[in-house]
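K.L.:
Whatever this is, show me its structure:
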Amino acid sequence: MKITFVIALLVTVFYKETVQQCFPPYAGNQPNRKGYFDLYSGQQEFSLALLHAVNKVLPNENLFFSPYSTYHALLMAYFLSGRQTENYLKKVLRLNANQEKSDLYAAYKIDKFSTQLFAKNASYEFTSANKIYVENDVPVKTCVLDDFNDELEMKDFKTNPEQARISINQWVENVTHHMIRDLIPPGTIDSATNLVLVNAAYFKGLWENKFPEEFTRPEIFYVSPTKQIMVDMMHVEGTFKHDVSESLGAHILEMPYKGDNISMYVLLPPWSDTQNAIENTLKNLTLENFKNIVENDNLISKTVQVSFPKFSLETTLEMTPILNSLGVGSLFKSNADFSGLSRKKLSLGEGIHKARIEINERGSQAAAATAFFSFRMLGEDDGIVKFRCNRPFIYIIHNHHTHTVLFVGIFRAALK
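P.N.:
Below is the predicted model:
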């Protein structure tokens, strides 16, 4: 009840503040309160579509990225866009077609406030921040200065693009606790740059069931039936939610972080041709099957002996072709429409995404930043399931409170 009251109160406040703002007028009506829940109504579906698109580009490599960060960077573009560009982005983000942009903007402000509020008392760390960097001489709409007071920052791209690049990268590094460095590489920003949209997200959580450090030891990881490598494997026995899903073709394990709101879900295909096994599970990872895992409480609590690799991984993705394949239309073309921001012609040339994760005995630390300028049981003795991640697997970090996918990875151990 308290949460509902806070949301209702905020919607009323935002209405009073935004009547004179630049989003479509309310015609005397308050914004739709249901908009708060619609902000992420399509985020899970977007995340799965992004996973398939990224895996198609890099089918044989370790993957790790943040759908949440990508979603928020595109959300900023959506708020600032108009006409055809706006329509493309609304479809790609799977936003409710019946919601006005003003409702979704109000929902964004509520979500921003509630995320900061919950973070103060949470047993994990989670932060997300957006930035809209605009060239100094661009005449920004007055209402945008009010609507995005925290996000908007004017930059001197024209005469000092390198200093602007360094400043943006420093902001990303600070938000991500120094996990993401040099997001935007040298030469990417030049004197012709007039708009840069950035999201930075950071998560640090402790396992509900920590892995005792004394049990970690080198073990074989089966990259393929003919290739094995050694990895540091962690071990713990405890009560976990587990299931064997025939529809996914994988064993499923939920590894919660302290605080109950966020969990890592591990999808482990059975012994077989490991490459095809991962692809088959991905093929079966539909929105319906995903919701059955994270929302319908179909997993069963049982005693499980877990073996999980200890690793650190960083990936960089060129997002322009990936997002183009999802249907962002003119977003990265010269005819993109950002009339919601300025009457001056603005454009985004490309997108880049960098993500990093560190998994150890205590828990996980992950960060990401996006910039636009995208069977059989393994073994069971006395009722104890053995869940051994000694072959390629998929892992998903999910926020139960907002029903959002924060991070996704495929660990193939194709390490160089």
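K.L.:
Report how many residues lie close to residue 114.
P.N.:
Other residues near residue 114 number 17, with proximity taken as other Cβ atoms under 10 Å. For glycine as for every other residue, the C-beta is placed from the backbone atoms N, C-alpha and C.
K.L.:
Next SSE downstream of the host helix or strand of it?
P.N.:
In this assignment (DSSP states H and E), residue 114 forms part of helix 101-119. Sequence order places strand 125-135 as the next helix or strand after helix 101-119, per DSSP H and E.
K.L.:
Mind giving me the packing neighbours of the next helix or strand after that next one?
P.N.:
Per DSSP H and E, the first helix or strand lying C-terminal to strand 125-135 is helix 142-147. Contacting helix 142-147 under the criterion 3 or more Cβ pairs under 8 Å, 6 or more residues apart in numbering; DSSP states H and E is no other helix or strand.
K.L.:
was I right about residue 396 contacting residue 255?
P.N.:
No: if you go by Cβ atoms under 8 Å, residue 396 and residue 255 don't touch, sitting 10.8 Å apart.
K.L.:
Show me the shaky parts of this protein.
P.N.:
Across the chain, the ranges flagged by pLDDT under 70 are 1-36, 272-275, 372-383, 414-416.
K.L.:
what is in contact with residue 396 and residue 255 at once?
P.N.:
Taking Cβ atoms under 8 Å, 6 or more residues apart in numbering as the contact rule, residue 396 and residue 255 both touch 264, 265.
K.L.:
OK, contacts around the residue nearest to the spatial centre of the chain?
P.N.:
The residue lying closest to the centre of the chain (Cα atoms, centre = their mean) is residue 68, at 2.3 Å. If you count contacts by Cβ under 8 Å, 6+ apart, residue 68 has them with 43, 47, 128, 201, 368, 404, 405, 406, 407.
K.L.:
circling back: kindly calculate the angle that the helix holding residue 114 makes with strand 125-135.
P.N.:
140 degrees (axes from the mean of the first three to the mean of the last three Cα atoms, to 10 degrees).
K.L.:
would you put the C-alpha positions of helix 101-119 in CSV?
P.N.:
Extracted in CSV, the C-alpha atoms of helix 101-119 (Å, rounded to 0.1, in the frame of the first residue of the first chain):
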residue,chain,number,x,y,z
LYS,A,101,4.6,9.4,-24.6
SER,A,102,3.7,11.8,-21.7
ASP,A,103,2.4,8.8,-19.6
LEU,A,104,5.7,6.9,-20.3
TYR,A,105,7.7,10.0,-19.4
ALA,A,106,5.9,10.2,-16.1
ALA,A,107,6.5,6.5,-15.5
TYR,A,108,10.2,7.0,-16.3
LYS,A,109,10.4,9.8,-13.6
ILE,A,110,8.6,7.5,-11.1
ASP,A,111,10.9,4.6,-11.8
LYS,A,112,14.0,6.8,-11.5
PHE,A,113,12.8,8.0,-8.1
SER,A,114,11.8,4.6,-6.8
THR,A,115,15.1,3.0,-8.0
GLN,A,116,17.0,5.6,-6.0
LEU,A,117,14.7,5.2,-3.0
PHE,A,118,14.9,1.4,-2.9
ALA,A,119,18.7,1.4,-3.3
